[in-house]
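**Student:** Predicted model follows, preceded by the sequence.
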Amino acid sequence: MTETLTISRMGGQGDGIADTPAGPVFAPLTLPGETVRGEVRDGRLEAAEILAASPDRIAPVSPHYGDCGGCSLQHWASGPYLDWKREQVRQALARERIETEIEATVAVPPGTRRRLALHARRGEDGRVVLGFKARKSWRLVEVTACPVADPRLVAAFPALARVAEAFLEHPKSAPTLHVTATLTGLDVDVTGVERRSGGLSGDARMRAIEAAAAAELARLSLAGDVLMMERLPKVAFGPATVPLPPGGFLQAVPEAEAAMVARAVAAVRGAKKIADLFCGAGTFTFPLATVAPVLAADGSAAGIAALKAGIGTGPGMKAITAEARDLFRRPLAPFDLRGCDAVVLDPPRAGALEQTRQLPGTKAAVVVGVSCNPVTFARDARVLIDAGFRLERVTPVDQFLWSAHVELVGVFRR
Ligand SMILES: C[S@@+](CC[C@H](N)C(=O)[O-])C[C@H]1O[C@@H](n2cnc3c(N)ncnc32)[C@H](O)[C@@H]1O
């Protein structure tokens, strides 16, 4: 049935919500205050016709807006959009009864995302198509422009489609190209390739390597196994230069990373020894080592190996020790963290409950929490606050422009 509704608020996933007597109706690509019309099915109003637009509605910049599942908030003016992200953080904290200063959201400009996951499929005409998933669908939207991405990635789309071709050999393969712009060129790790029937044929492997060379990729790997390396992909973390492990974690936007690192470094000034937990390949470790010696730990052995390879590659850093360790199952205990008066934590979306529970027993006077999930951050923050820490300040960071994601840095002291 066609209904006319008024959008009263934004949901946590970035959909407009109309509150109706029958319950909330989620309307993607709409904004608070708008009057919209369309067919409501299962509590959703897809492809709403906008009858009265919000004054905060702006023209979307992507030619794929509305079809591509990414960047679904690009029609929202920057001010209210960034305020909404801040409000997401405030609400997550409020659910844990936490009040603190929440700074304005740090904005990132378009054209800065250095990592993309591009899906490859063969189109009906046999052509290889690269793109992103459509909203709430497995359908692939062919992407020729991507305003959030680093232009070096966008310029490589045609050459990357030729690389993808070889990985479509098996009909069950659904390859994803994880592409990263590094200091030495593009690093591509491919996942989603059917491997049960022996993996890529020698012929397909050769085609992949040739296409990668023609695309002037720094490296091509298949689920972490290197197929071709012209140059070792490297990234700079503070004064250090670090070789990136194939498929390893890297903050998606250098500007967002810089904002988070700057806040962590400022918070630990004066520390005698710093623990960097969930350190990855050392994004925070090396900048922190300009302040004091660092003890770094992460579950990824490849991340720790990369970090160790970065030690000594730049000037002005104190000693760094690094350990590969599962911090969910074997969190570092107060004994392991002896001497550390500052701790930086940057866990995955699940948070770091077990590791956080160890911190009150340490001598840490400051804890910096970096998080890509305000809900688990708030849960873990409650543990620290109940143990006598004060959450001094939280800074939301808009690393994933025009998405509903929000990242943050929080500083606790006691
Ligand atoms: C959000 S990333 C942050 C990495 C790093 N701080 C950075 O900024 O590049 C989360 C990190 O948690 C690590 N991780 C995930 N599960 C883990 C576990 N159970 N134990 C230890 N580390 C884990 C991942 O390997 C990843 O490096």
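**Tutor:** Perfect, I can see it now.
**Student:** Now do the longest helix seen in the chain: which elements does it pack against?
**Tutor:** Longest helix in the chain, counting residues (DSSP state H): helix 78-95. Judged by 3 or more Cβ pairs under 8 Å, 6 or more residues apart in numbering; DSSP states H and E, helix 78-95 is in contact with strand 101-102, helix 374-386, strand 390-397. Just so you know, the C-beta spots here come from the backbone N, C-alpha and C atoms, and that holds for glycine as well.
**Student:** who does the shortest one pair up with?
**Tutor:** Paired neighbours of strand 101-102 in the sheet (DSSP bridges): strand 390-397 (parallel).
**Student:** could you give the angle of the strand it pairs with to helix 374-386?
**Tutor:** Counting by axes from the mean of the first three to the mean of the last three Cα atoms, to 10 degrees, strand 390-397 points 160 degrees away from the direction of helix 374-386.
**Student:** show me where the protein has helices.
**Tutor:** With DSSP H as the criterion, the chain has helices at 78-95, 151-155, 157-165, 202-214, 254-268, 285-288, 301-310, 353-358, 374-386.
**Student:** do you know which of these lies nearest the ligand?
**Tutor:** Within those, the stretch nearest the ligand is helix 301-310; the backing value is 5.1 Å (Cβ to the nearest ligand atom).
**Student:** hmm, back to that, adding mean pLDDT, distance to A27 and mean neighbour count, write the helices and strands packed on helix 78-95 out as JSON lines.
**Tutor:** Formatted as JSON lines, these follow (pLDDT from 0 to 100; distance: least, Cβ to Cβ, whole Å; neighbours: other Cβ atoms under 10 Å):
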{"stretch": "strand 101-102", "mean pLDDT": "98", "distance to A27": "27", "mean neighbour count": "14"}
{"stretch": "helix 374-386", "mean pLDDT": "98", "distance to A27": "23", "mean neighbour count": "21"}
{"stretch": "strand 390-397", "mean pLDDT": "98", "distance to A27": "25", "mean neighbour count": "21"}
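**Student:** Tell me which of those sits nearest to G310.
**Tutor:** Among the helices and strands packed on helix 78-95, the nearest to G310 by Cβ to Cβ is strand 390-397 (23.5 Å).
**Student:** residue ranges for the strands of the stretch 201-350 of the chain, please.
**Tutor:** Along the stretch 201-350 of the chain, the segments classed as strands by DSSP state E, counting those that start in this stretch run 219-222, 225-229, 234-237, 240-243, 274-277, 294-298, 320-324, 342-345.
**Student:** Which stretch among those strands approaches P63 most closely?
**Tutor:** P63 sits nearest to strand 219-222 of all the strands of the stretch 201-350 of the chain, at 28.4 Å, using Cβ to Cβ.
**Student:** Sheet-wise, list the partners of the closest one with their directions.
**Tutor:** Using DSSP bridges, the strands paired with strand 219-222 are strand 185-191 (parallel), strand 225-229 (antiparallel).
**Student:** Point out the most buried one among these.
**Tutor:** Sort the strands paired with strand 219-222 by mean neighbour count, taking mean count of other Cβ atoms under 10 Å, and strand 185-191 sits at the top with a mean of 24.
**Student:** what does the stretch 151-300 of the chain put close to the ligand?
**Tutor:** Residues of the stretch 151-300 of the chain lying close to the ligand by Cβ under 6 Å from any ligand atom are 249, 251, 278-280, 283-284, 298-300.
**Student:** Weed out the non-buried ones from those residues.
**Tutor:** In those, burial by neighbour count holds for 249, 251, 278-280, 283-284, 298-300, counting by 16 or more other Cβ atoms under 10 Å.
**Student:** Pull up the distance across stretch 288-296, start to finish.
**Tutor:** 10 Å (Cα to Cα, to the nearest Å).
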